[in-house]
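1. A structural model of the following input is requested.
(chains A and B)
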Amino acid sequence: MDSTITLFLVQDGLINGSIYALLAVAFVLLFAVTRIIFVAQGDFVAYGGLTFAALQQGSVPGSIWLLAGLGVIAGILEFLRERHTLTRPRILGILAGDFIAPLALVGVVILVAPYDMPYLFDMALALALVVPMGPYIYRICFRPMANASVLVLLIGSVGVHWLMIGLGLLFFGAEGYRAAPMFGANFVVGPVLVSAQSLLVMGATLALLVGFYLFFGRTLAGKALMAAAVNARGASLVGISPSFSGRTAFLMAAFVGAISGILISPLTTLYYDSGFLIGLKGFVAAIVAGFASFPLAVAGAIAIGIAEAVSAFFASAFKEVIVFSLILPVLIWRSIRAPHHEED
Amino acid sequence: MKRILMLASVALAAVTSPALADITVCISVSATGPAASLGIPEQNAVQFLPTMAGDTKINYITYDDATDPTAATRNARKCTEDDRADVIIGSSTAPTSASVASVAFEAQTPVIALAPVSVKDDVNVWTFRAVQTNKMMASALVEHMVANNVKTLGFIGFADAFGDDWIAALEELLKDTGITMDPVERFARSDTSVTGQALKIGLANPDAVMVVASGTPSALPPTALRERGYKGQIYMTHGSVSPTYISVAGAAAEGSILPVGPVAVAGQLPDSHPSKAIAVDFATKYNAVHGEGSVSAFSGMMFDAGQLVAHASVEALKTAQPGTTEFRKALRDALENVRELVSVNGVYNTSPDDHYGHDERSRVLIQVRDGKFEYLPVD
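-> The predicted model follows:
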């Protein structure tokens, strides 16, 4: 193992690690705001990547029907929930947001999918299809049980995960897809061949992380979300709606998942069920961070990515075993350092 | 009232029990689930199976087991209990086939699996396969390696039973050839990167690399190897013979060599190949219904299973009636004594020790050229 090999492995580890980092941040954010350990986080990666790949191939992605279905269900639930207090503008608002917007998007996709669209347009369309699923899922599944225990919420999120996997198989089929890279170029940096797409992945991750930092530190919505994360009851006392923070957190989580999927789809073959394992590694990183610290989650994710690359080189048959065993010393260390406290 | 009841029960009996003289073949394939890419072409081939054995009609009943061993068990029970099947064909993968085989054994019904499944000796008495062993496929590649002066072979394969079986087969076949296999790397179907493994192989720079994978994940190792500048020959398994392998791997797939059942390249076979005529005939009919170029080794396996059933039924009909225990026993005995039965995936010669019945005529080599699988003549 010479320095060239080390560089290659570190590069590979950094690419995978940055995707895990994004997912870990989404895990921590969702848990802090809603107390949901969102197992289906990884499925947004698969949905994002596969929807994008389908659009690129000029076919209509099946995920449009999930979006339309979720929108209609969420809209009907909204009507039922507010049936005593409905006003005309509110009715129009629900109709526009939950019925017309998703169905219009479905119509647009069916119309334009067969044509060869610019790369960025496909990307935006894939995002527009997958990202709204996050808030819809929150409104349909998690808002009605927002005050349930962490365990019940976890079971709910496992249910969402299985639903998304099953529908994913239906929508995208059992075969995997690989999208074309945004930039096909490769650079030679010293002894290492670097693909433009991998730089794009790392650059986008960095930009998103900085964006998160600014969002939480500088904007009102971000600060409200932070407040809800620190103390949900206190936040609602000062007028931050738990429903708003839940929706926003799911929106961001779905965005992070979908953009990760779109970014890595040219680097690897994605399957309808790929998301779970990718998400699981982000989850491990979130655990390393105790589901609380964003910088620790990012550091943990990068460490997992590099550990994965190195163990693939030295003992490929035991790669996953090594990666997931790494969590043990961290858990022991955490349980010694922080005393166990009862679930609130 | 009595009369109505009697009429109803007669009608019911007419619906539920097949006519006594017909042969009932029950099929369980994985038409959905992870192995759908195998099960769908298998299911598509059912309509081309023989409908007569001598003067006796053959009826087919098809079930989907969704690549789930539990569902496969349920299907097999339906076959043996409700449908009173004389023989079962299925299933598409080793785990689902094992489920079907154990139910069939309990019911003393012969079964023709479409996957190279290993079962216990007593179960194996009733289990036959219309598929080549991995070792049979590997031997074709090893012959090519020896002929082309390969001295060192790198290996990267699935970290599962399929990969293990290939390692075992290759180690045995390479023993006296002077070819060494090193390094041996593994990866998982769901892996998103094999950079580490590709680097290690690139460092050892063997004359050739064996990639053991199936379906779309096959594309990952050749892509990573070519990206890292590996220039040697790449060998794949028959599991990779699918259009998605070429479309996903793109230029990295060019030049790779794969073993496959003859039917997959029926039109390109030399006239001297025993399967040429029947394979071309089947491929033409199949493609006419399911689209040009859609015929695959998997659809061929189902066709072969049908040929085996029809062939053995003619023998069994001499001694017993369909729907009886004696017929199933006679069918089993006939399936074990097949001689030179030519079908689309080779020529079958079964024996008590060999329930596969394949020899070197059951596989040919193909090479990816210009984004297509081309027949590779062996000289």
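2. Closest residue of chain B to chain A?
-> For chain B and chain A, the shortest gap (C-beta to the nearest C-beta) falls at B:Gly196, measuring 2.9 Å. Where C-beta positions appear, they are placed from N, C-alpha and C, glycine not excepted.
3. Pull the contacting residues for that residue.
-> A:9, A:12, A:309-314, A:316, A:319 (C-beta atoms under 8 Å, 6 or more residues apart in numbering or on different chains).
4. Can you tell me which of those residues has the most neighbours?
-> Neighbour counts for the contacts of B:Gly196 (other C-beta atoms under 10 Å in any protein chain shown) peak at A:Ala312, which has 31 neighbours.
5. and chain B, which residues reach chain A?
-> Neighbours of chain A within chain B, by C-beta under 8 Å from any C-beta of the partner chain: B:32-37, B:156, B:159, B:185-188, B:190-197, B:199-200, B:203, B:215-217, B:219-220, B:227-229, B:244, B:248.
6. Which phi and psi values does A:Ser195 adopt?
-> Phi and psi for A:Ser195, reported as degrees, to the nearest 10, are phi -90, psi 150.
7. Count the residues that sit near the closest residue to it other than its chain neighbours.
-> In this structure, A:Ser195 finds its nearest non-sequential neighbour in A:Asn186, 5.1 Å apart by C-beta to C-beta, 6 or more residues apart in numbering or on different chains. Counted with other C-beta under 10 Å, the neighbours of A:Asn186 add up to 14.
8. How about B:Gln321?
-> 15.
9. so is it in a helix, a strand, or just coil?
-> coil (DSSP: H, G, I helix; E, B strand; the rest coil).
10. Show me which of the residues of chain B next to chain A are buried.
-> Those of the residues of chain B next to chain A that meet the buried threshold are B:32-37, B:156, B:159, B:185-188, B:190-197, B:199-200, B:215-217, B:219-220, B:244, B:248, by 16 or more other C-beta atoms under 10 Å in any protein chain shown.
11. Sitting in helices, which of those residues do you find?
-> In this view, these that belong to helices under DSSP state H are B:36-37, B:195-197, B:199-200, B:220, B:244, B:248.
12. Is it possible to get JSON lines of the residues you listed that adds pLDDT?
-> Converted to JSON lines, those look like this (pLDDT from 0 to 100):
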{"residue": "B:Ala36", "pLDDT": "80"}
{"residue": "B:Ser37", "pLDDT": "79"}
{"residue": "B:Thr195", "pLDDT": "86"}
{"residue": "B:Gly196", "pLDDT": "88"}
{"residue": "B:Gln197", "pLDDT": "90"}
{"residue": "B:Leu199", "pLDDT": "89"}
{"residue": "B:Lys200", "pLDDT": "90"}
{"residue": "B:Leu220", "pLDDT": "90"}
{"residue": "B:Thr244", "pLDDT": "79"}
{"residue": "B:Val248", "pLDDT": "84"}
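13. between those, which is closest to A:Leu225?
-> Nearest to A:Leu225 among these, counting by C-beta to C-beta, is B:Thr195 at 36.6 Å.
14. ok, for the closest one, nearest residue in space, not its chain neighbours?
-> Closest residue to B:Thr195 apart from its sequence neighbours, by C-beta to C-beta, 6+ apart: A:Asp12 at 4.0 Å.
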